[in-house]
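**Student:** how does the following fold in three dimensions:
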Amino acid sequence: MMRMRTRATELTSMDRSSVPGDNEWEVRPGGMLVQKRDPDAEIDRIPPPTIRVRVKYGSIYHEININSQATFGELKKMLSGPTGLHHEDQKLMYKDKVRDSKSYLDVVGVKDRSKMVVVEDPISQEKRHLEMRKNAKMEKAAKSISDISLEVDRLAGQVSAIESVISKGGKVAEKTLLNLTELLMNQLLKLDGITVDGDVKLQRKMQVKRVQEYVETLDVLKLKNSTASHTGNHVQEHKDPTQPQSRRTIGNSSSTPVVDQHQPAVMVTTQWEIFDSLAAPTSTATIHNTVNPTFNWDLI
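**Tutor:** From the prediction side, this is the model:
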């Protein structure tokens, strides 16, 4: 072994001009200098032999014909049909040792009519189920975001139409702006309810940003629409002098009595003076005595 390593080192350090057919050699990862493989020669190479292995699952043996240089992972896939187990849920043992799916049959010594045992791996099965649920969740989230994107596109068309009307000096009903804002906010709530990772999360973030921009645009349009409405009402009040309020003012002013400053002021009251009832007889007696006087004359 030491001799081979020394030989490889000597060949590596040799002058390339002294090595015949320099382009026909290559250095393997282990440091050995070997003849370079010809890709075209691989096609004409004799295929490896096929072996038959016996795999026990439960109480049943399954015979599988497979390439001797295949991997245990390839053998697991061939066992999926007969055993009914998913290849990722299988634990394949050879010589009482669990073999990795990337290991080669011939490397570990598997030969024709070798025996193996396959069992179900609950841990791998659970991991696969979790992965399946995760993928299903991602697909559902992606579909939901796609549907929301289509709805946002439809609402964006309405926002553009309203913006065009207001920019030309037109007026839009305030209720229309409020309803459109509410629809966009509903889509934003739907996006907030989606929790995902990876590329789908990036798509969700982009849609959230779009909706927020449209809502901000509607807020600006509401302000412009309200300002245009107040300006129109103000101009109308100045152009129409015959408002009901003006007529009421004129009517009120006409009912106000006009007092001539050159004439003496006359005070009119509706309060009647109440005389003392005891004073009335005294006045009557006084008048009676005055009209019919009494004389004390002596008649002769």
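
**Student:** when you work out contacts or count neighbours from here on, use the C-alpha atoms and nothing else.
**Tutor:** Fine.

**Student:** ok, Ile162 - contacts?
**Tutor:** Each residue near Ile162 by Cα atoms under 8 Å, 6 or more residues apart in numbering is listed here: Val172.

**Student:** strands of the stretch 101-250 of the chain, start to end?
**Tutor:** For the stretch 101-250 of the chain, the strands defined by DSSP state E, counting those that start in this stretch occupy 115-120.

**Student:** any low-confidence regions in it?
**Tutor:** Scanning the stretch 101-250 of the chain with the threshold set as pLDDT under 70 gives 228-250.

**Student:** which residues of it fall in helices?
**Tutor:** In the stretch 101-250 of the chain, the helices defined using DSSP state H, counting those that start in this stretch lie at 122-167, 174-192, 199-239, 244-255.

**Student:** tilt between the first one and helix 199-239?
**Tutor:** Regarding helix 122-167 and helix 199-239, their directions subtend 20 degrees when assessed with axes from the mean of the first three to the mean of the last three Cα atoms, to 10 degrees.

**Student:** ok, residues contacting stretch 199-212?
**Tutor:** For stretch 199-212, the surrounding residues in contact (Cα under 8 Å, 6+ apart) are 138, 141-142, 145, 149, 152, 184-185, 187-188, 191, 194-195.

**Student:** buried ones among these?
**Tutor:** Buried members of these, counted by 16 or more other Cα atoms under 10 Å: Met138, Ala141, Ala142, Ile145, Ser149, Val152, Leu184, Met185, Gln187, Leu188, Leu191, Ile194.

**Student:** give me the neighbour count for the closest residue to the fourth one other than its chain neighbours.
**Tutor:** I take that to be Ile145. Spatial nearest neighbour of Ile145, chain neighbours left out: Arg204 (6.4 Å); criterion: Cα to Cα, 6 or more residues apart in numbering. Applying other Cα atoms under 10 Å, we find 24 residues neighbouring Arg204.

**Student:** the one 3 residues further on now?
**Tutor:** The criterion is other Cα under 10 Å. On that basis, Gln207 has 19 neighbouring residues.

**Student:** try the one 10 residues further on
**Tutor:** Counted with other Cα under 10 Å, the neighbours of Thr217 add up to 15.

**Student:** same question for Lys224.
**Tutor:** Lys224, neighbours per other Cα under 10 Å, totals 16.

**Student:** what about the residue nearest to it when sequence neighbours are not counted, distance to Ala136?
**Tutor:** Spatial nearest neighbour of Lys224, excluding adjacent residues (Cα to Cα, 6+ apart): Ile166 at 7.4 Å. Using Cα to Cα, to the nearest Å, we find Ile166 at a distance of 45 Å from Ala136.

**Student:** which of the two has more neighbours?
**Tutor:** Set Ile166 next to Ala136 and count neighbours by other Cα under 10 Å: Ile166 wins out with 16 against 12.

**Student:** wait, that one sits on Leu223?
**Tutor:** No. At 10.4 Å, Ile166 does not count as touching Leu223 under the criterion of Cα atoms under 8 Å.
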